[in-house]
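Engineer: A structural model of the following input is requested.
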Amino acid sequence: MAKQPNILLFLTDEQNANHLGCYGNTLLKTPNIDSIAKNGTIFDRFYTAVPVCMPNRASLATGRLPSAHGVRQNGIPLSLESTTFVDILAAGGYSTAAIGKIHLQNIGNAPVHSRPLPGSGGQLAPPPDLQESFRHNRKTEAYKAENIEAWRNDPEREIDTPYYGFEHVRICSGDGDMVEGHYTSWLNAQHSDPASLKGPDNAYPANNFSAPQAYRTKMPEELYPTRYIANETISFLESHAEKSKDQPFFIHCSFPNPHHPFTPPGKYWNMYNPDEIELPASFDTKMAENLPPIPGIVEGFERGRAEPNAYWPTEVNERQAREAIALTYGMIAMIDDAIGEILKSLEAQGMSEDTIIIFASDHGDYMGDQGMILKLGLHRQSTIRMPFIWFDPGSPESDKRDAGLASTIDIAPTILDAAGLRPYHGIQGHSLLSNSEPRDGLVIEDYGVGVFRDPDTVAGMLSYITDQWRMTIYEGTDWGELYNLVDDPDEIRNLWSDENKTSIRHKLHEGLVKELMKLRDRSISPTGQG
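Structural biologist: Numbering: from 1, shown residues only. Next comes the predicted model:
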């Protein structure tokens, strides 16, 4: 292993931790991802910082919680003035590349809500440029690098680099077969009418499928975004080996799948039979029948009923749940094949012995848990627990499993530690390589599903996870959740109101407060600046 190793991070979008062979799934075949785990370390208790895309990806980039980096929800781009661990890698001599879905900036024209300032009785509102806590509200052209509409209108556009520390950037913005970015120009060069291949209106008939957002795309495998990302990653590896093999690299190879819509192309559509899918043990414990008594959360689930083709949590029947899972397996299988090709290229270029391989996701999906699919709303294990695999060829392990509590905010300091680089002030995670003190518990922040339409909605929640317990407290109510993860791993029995567990609740509340104190922002920069 070189003094500074190459580092290759594979990231998927919205993938359950148990949707991998190496995590115990006996139906889904993921031989290439499993090969990373075979001589590496599988982290069994790895949790997202927040189970929402943009905030958690910002936490990955910065090693900081949303309350520190300022990306509280989708629709708030990470400040370009933020220091990322990629900046430190680049300053430390690394060649840095982001290929695929980055999602540190808005994909659509969010935030879509607008609100009047609170006030009454003839109070004069401040002028528009003084109506938020920071004057620079991240609405300039520099914050449209990942905007789908901008790429659709100008497929040949380029963005300024470095981009959050990445010198080489190939963007895929969007999900399923509805992806734009640098991919747009490539797809236009491959096909005379790419629009005819995209979306449910152009899809092949699939009358036997009824799951929300499931359609059989006309996009062929060779043109699907997963294939493009694999091609671009391999091209980067080949170019690096030819021109600058002595320089270490960091690649962020990020796949938009298996995020909904459920559109595995070609052979991957029929790869898994819904009739063979096993539903989660909690399927019949209906989440929607016992929601927190909080309008902002209840409204989110009501929107899921009204808008099943959107992003809100959606109720499904048994058949629909099996279909969604089967199609998700197909998308994961395609990613696994793409990773296999990338790993072969890495070996062919003679760089596999010098490259740390990491596999992770940004968060999970209900996938039938308590009769729901998609995300948002509650901190179920299905949405907050994520896969994380670390393989270092310089110190291989044999099927090692780590049961310690770990979080998205730990990824940045761990990568910097592996590269021999000191982190910046204000980083809140700790290295999983050199930190010897196990956590007593970890915090998951969430401002709630309701804030997507009204940032003043009472919908926030905090979860505190320990080796045995998951406690979630909610804004605006004394109602909460308490689950014994050892006795009840499927989180079916909420013990919050159990009088025999009052002392446990008090102890967990104390642990939460102490952990929040540890997590205070230690940087002298203003929190959420820019």
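
Engineer: how much space separates the residue nearest to Asn32 when sequence neighbours are not counted from Val451?
Structural biologist: If the residues on either side of it in the chain are set aside, Asn32 comes closest to Gly340, at 3.6 Å by C-beta to C-beta, 6 or more residues apart in numbering. For the C-beta atoms, the positions are set from N, CA and C on the backbone; glycine is no exception. Noted for Gly340: a distance of 40 Å to Val451, by C-beta to C-beta, to the nearest Å.

Engineer: what about the helix of greatest length in the chain, distance to the chain center?
Structural biologist: Longest helix in the chain by number of residues (criterion: DSSP state H): helix 318-348. On the basis of C-alpha atoms, centre = their mean, to the nearest Å, helix 318-348 sits 16 Å off its chain's mean C-alpha point.

Engineer: report the beta-bridge partners for Thr96.
Structural biologist: Listed by DSSP bridges, the beta-bridge partners for Thr96 are Phe250.

Engineer: that older thread, what is the mean pLDDT for the longest helix of the chain?
Structural biologist: Averaged across helix 318-348, pLDDT comes to 98.

Engineer: again with stretch 268-286
Structural biologist: pLDDT averaged over stretch 268-286 gives 95.

Engineer: do the same with stretch 411-426
Structural biologist: On average, stretch 411-426 scores 96.

Engineer: buried ones in it, by neighbour count?
Structural biologist: Neighbour counts over stretch 411-426 (16 or more other C-beta atoms under 10 Å) mark 411-419, 421, 423-424, 426 as buried.

Engineer: which of those residues fall within helices?
Structural biologist: 411-418.

Engineer: in TSV: those residues, plus distance to Phe85.
Structural biologist: As requested, those are exported to TSV (distance: C-beta to C-beta, whole Å):
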residue	distance to Phe85
Ile411	8
Ala412	4
Pro413	8
Thr414	9
Ile415	6
Leu416	5
Asp417	10
Ala418	11
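
Engineer: residues near the nearest residue to Glu14 once chain neighbours are set aside, how many?
Structural biologist: Once flanking residues are discounted, Glu14 sits nearest to His259: 4.2 Å by C-beta to C-beta, 6+ apart. His259 has 25 neighbouring residues, counting by other C-beta atoms under 10 Å.

Engineer: His259: which element?
Structural biologist: Following DSSP states H and E, one finds His259 outside all helices and strands.

Engineer: beyond the longest helix of the chain, next helix or strand please.
Structural biologist: Helix 318-348 is succeeded, C-terminally, by strand 355-361 (DSSP H and E).

Engineer: and that next one, which strands flank it?
Structural biologist: Assessed with DSSP bridges, strand 355-361 is paired to strand 6-12 (parallel), strand 388-391 (antiparallel).

Engineer: for the record, mean pLDDT for the very next helix or strand once past that strand?
Structural biologist: Where DSSP H and E defines the elements, the next helix or strand beyond strand 355-361 is strand 372-373. The pLDDT scores in strand 372-373 average 94.

Engineer: strand partners of strand 372-373, parallel vs antiparallel please.
Structural biologist: Strand 372-373 is paired, per DSSP bridges, with strand 314-315 (antiparallel).

Engineer: give the contact list for Gln73.
Structural biologist: Residues in contact with Gln73 (C-beta atoms under 8 Å, 6 or more residues apart in numbering) are 52, 54-55, 447, 451-452, 455.

Engineer: show me where the stretch 401-530 of the chain has helices.
Structural biologist: 411-418, 502-518 (DSSP state H, counting those that start in this stretch).

Engineer: how about stretch 451-463: buried residues?
Structural biologist: Counting neighbours by 16+ other C-beta under 10 Å, the buried set in stretch 451-463 is 451-452, 455, 457-463.

Engineer: quick one: residues in contact with it.
Structural biologist: 72-75, 111-113, 115, 118, 292, 294-297, 299-300, 379, 384, 443-450, 470-476, 512.

Engineer: quick check: PyMOL command selecting the buried ones in the residues you listed.
Structural biologist: Here is the PyMOL selection string for the buried members of these, based on 16+ other C-beta under 10 Å:
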select buried, resi 72+73+74+75+111+292+294+296+297+299+300+379+384+443+444+445+446+447+448+449+450+470+471+472+473+474+475+476+512
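
Engineer: got a list of what Pro55 touches?
Structural biologist: Residues near Pro55 by C-beta under 8 Å, 6+ apart: 49, 66, 71-74, 445.

Engineer: tell me the SS of it?
Structural biologist: Recorded secondary structure, Pro55: helix (DSSP: H, G, I helix; E, B strand; the rest coil).

Engineer: how near is it to Asp365?
Structural biologist: From Pro55 to Asp365 the distance is 16 Å (C-beta to C-beta).

Engineer: elements contacting the lowest-mean-pLDDT helix or strand in the chain?
Structural biologist: None of the helices or strands of the chain scores lower by mean pLDDT, DSSP states H and E than helix 295-306, at a mean of 84. Identification of packing neighbours for helix 295-306 by 3 or more C-beta pairs under 8 Å, 6 or more residues apart in numbering; DSSP states H and E yields strand 314-315.

Engineer: re earlier: check the buried residues of stretch 451-463 and tell me the two furthest apart.
Structural biologist: Largest separation among the buried residues of stretch 451-463 by C-beta to C-beta: Pro455 and Ser463, giving 20.7 Å.

Engineer: contact partners for Trp469?
Structural biologist: 482-485, 504, 508.

Engineer: from Val316, how far off is the closest residue to Leu11 other than its chain neighbours?
Structural biologist: Distance criterion C-beta to C-beta, 6+ apart; nearest residue to Leu11, sequence neighbours excluded, is Ser254 at 4.2 Å. Distance from Ser254 to Val316, counting by C-beta to C-beta: 27 Å.
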